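*Asks:* Prediction below, plus the sequence it came from.
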Amino acid sequence: MSRVVLHIGTHKTATTTIQDMFHKNAALLEQHGVIYPRIGRVTGHHGLVYDWGRLPPVYKLDASSLDAFTWIAKEHAHKDATVFLSSEEFSRGDPNAAVDFAAVRERLAPFDEIEVICMLRPQWQFLQSIYLELSKVKIPVRPAKMLESALETGLSQGLWIDYNLLLDRLEETFDPAQITFLDFETSAKAEGGIIGTMLRHLGVDLEATALEAVNNGASNVSPEPLVTWIANLASEPAPAPGWLVKLAQKSFDLQYKEPVKSTLFSQHEVNQLTKHFAALNDKLETRRQQAQPDFRMTPPDIGKLGVFRNTIPTQLWVRMCRLMVQHRAPLEKAAAQKAAAKKTP
């Protein structure tokens, strides 16, 4: 029996780790009945979404996205195997970048079975991860504005924050039984972590440790949230350069001698997010009851948070300023020496 699985994210739920590991171990996985096609120039299958999204040219395939689905079906739909296709870009909520799932399903119709898998994490963590990812290329909107938009629209930067809206979108094309939601927190704590959870779901008789690790089994890991925010604040309106992020991290480490977990949000904002989305997550669990009776969203564990945006002490900012001066001093000295050398006959 042939089966195709669309792993659609969401973003920042170890998607890159899954893609890197499955790409690296494609031959081993195929021996155990799972085909991870090598499509395009990156480990993820983002080229399958390219024609709908606003993605970098590196993801573009030689053929159109829909033609690539046709090729996948022609190559694999007659096999007794599972084809695993992975790109978090499938789960975008921006209507200008929304995948035509009906067209995708039509191209994959030769397969006997089709399933959509999506990993979900607590909304305050997801929002924070979106901010950190955007910070790599630009200064994102301030955390308070990001929160305000998420509460009002259920979206942030074109990504679903209210997962009921994502389910609405999927159920326009797929039957509830063809959709699987996985809780990120539960999956990460299970045996073998996210990779182990995915292998078991796919019916692969392998331990996660049997796969050759890429990036020590953790790709595209986000930095400490408040460190990034501090660097961004100091760098506005330009993106924070690497040296500034390192200084912010050093300031943070000097301030907090022991490891501490921080968040971009204030205590009030975290409580706001938690309360608002708890009701929506309860609704989601109820909607999934018939198709997935065991599905539960892990309640956000905010008790472990030690530093909030509104609790950063003044001393940390002073440390940051001093380190920036120390960083700048040798550059000023070198510039002065260079200028003096030019004046020397």
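*Replies:* Right, received. Where do you want to start?
*Asks:* Figure out the helix or strand that the closest residue in space to Pro223 that isn't next to it in sequence lives in.
*Replies:* Spatially, and ignoring its direct neighbours in sequence, Pro223 is nearest to Leu132 (6.5 Å; CB to CB, 6 or more residues apart in numbering). The C-beta positions use only the backbone N, C-alpha and C, and glycine is treated the same way. Assigned by DSSP states H and E, Leu132 belongs to helix 123-134.
*Asks:* Equivalent analysis for Leu206, please.
*Replies:* With DSSP H and E as the test, Leu206 turns up in no helix or strand.
*Asks:* so who does it touch?
*Replies:* Going by CB atoms under 8 Å, 6 or more residues apart in numbering, Leu206 touches Leu28, Leu29, His32, Leu199.
*Asks:* circling back: state the next helix or strand along the chain beyond the helix holding Leu132.
*Replies:* helix 143-153.
*Asks:* For the stretch 51-200 of the chain, give me the ranges with low pLDDT.
*Replies:* Along the stretch 51-200 of the chain, no part satisfies pLDDT under 70.
*Asks:* need the helices for it, in chain order.
*Replies:* Secondary structure of the stretch 51-200 of the chain (DSSP state H, counting those that start in this stretch): helices located at 65-76, 101-107, 123-134, 143-153, 163-171, 184-189, 193-201.
*Asks:* Who are the packing partners of the helix or strand just after the last one?
*Replies:* Following the chain from helix 193-201 toward its C-terminal end, the next helix or strand by DSSP H and E is helix 225-235. The elements that helix 225-235 packs onto, with contact taken as 3 or more CB pairs under 8 Å, 6 or more residues apart in numbering; DSSP states H and E, are helix 123-134, helix 242-255, strand 261-262, helix 314-343.
*Asks:* switch to 7 Å and redo it
*Replies:* helix 123-134, helix 242-255 (3 or more CB pairs under 7 Å, 6 or more residues apart in numbering; DSSP states H and E).
*Asks:* which outside residues touch the longest one?
*Replies:* Read that as helix 242-255. If you take CB atoms under 7 Å, 6 or more residues apart in numbering as the criterion, helix 242-255 is touched by 223-224, 226-228, 230-231, 234-235, 313, 315-316, 319-320, 323-324, 327.
*Asks:* Selection in ChimeraX covering whichever of these are buried, please.
*Replies:* Buried residues among those (16 or more other CB atoms under 10 Å), as a ChimeraX selection:
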select :224,226,227,228,230,231,234,235,316,319,320,323,324
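*Asks:* contacting residues for Leu165?
*Replies:* Going by CB under 7 Å, 6+ apart, Leu165 touches Gly93, Gly154.
*Asks:* Let's see that with 6 Å instead.
*Replies:* Gly154 (CB atoms under 6 Å, 6 or more residues apart in numbering).
*Asks:* Make residue 1 into 16 and carry on from there
*Replies:* Noted, 16 is the first residue going forward, which turns the last one into Leu180.
*Asks:* could you check the distance from Ser266 over to Ile129?
*Replies:* 50 Å (CB to CB, to the nearest Å).
*Asks:* Please identify which of those two sits among more neighbours.
*Replies:* Ser266 (23 against 19; other CB atoms under 10 Å).
*Asks:* Could I get the pLDDT score of the more buried one?
*Replies:* What the model reports for Ser266 is a pLDDT of 95.
*Asks:* now the one 10 residues further on
*Replies:* Among the per-residue scores, Lys276 holds a pLDDT of 91.
*Asks:* ok, now Leu63?
*Replies:* On pLDDT, Leu63 comes in at 97.
*Asks:* how many other residues sit next to the closest residue in space to Gln193 that isn't next to it in sequence?
*Replies:* Nearest residue to Gln193, sequence neighbours excluded (CB to CB, 6+ apart): Glu130, at 5.6 Å. Look at Glu130: counted by other CB under 10 Å, it has 19 neighbours.
*Asks:* ditto for Pro110
*Replies:* A count of neighbours around Pro110, defined by other CB under 10 Å, yields 8.
*Asks:* Could you report the distance from it to Val156?
*Replies:* For Pro110, the distance to Val156 - CB to CB - is 20 Å.
*Asks:* Select, out of the helices of the stretch 66-215 of the chain, the one closest to Thr313.
*Replies:* For the helices of the stretch 66-215 of the chain, the distance to Thr313 is smallest for helix 199-204, at 3.7 Å, taking CB to CB.
*Asks:* Extract the CA atoms of the strand ranked longest in the chain and return them as CSV.
*Replies:* Longest strand in the chain, counting residues (DSSP state E): strand 128-135. What follows is strand 128-135, C-alpha atoms only, in CSV (Å, rounded to 0.1, in the frame of the first residue of the first chain):
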residue,chain,number,x,y,z
GLU,A,128,-3.4,7.0,1.5
ILE,A,129,-2.5,10.6,2.3
GLU,A,130,-1.9,12.2,5.7
VAL,A,131,-1.0,15.6,6.9
ILE,A,132,1.1,15.9,10.1
CYS,A,133,1.6,19.1,12.0
MET,A,134,3.5,19.8,15.2
LEU,A,135,2.1,22.5,17.6
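*Asks:* And it, what's buried?
*Replies:* Quick answer for strand 128-135 (16+ other CB under 10 Å): Ile129, Glu130, Val131, Ile132, Cys133, Met134, Leu135.
*Asks:* And stretch 146-156, by the same measure?
*Replies:* So, applying 16+ other CB under 10 Å, buried residues of stretch 146-156: Tyr146, Leu147, Leu149, Ser150, Ile154, Pro155.
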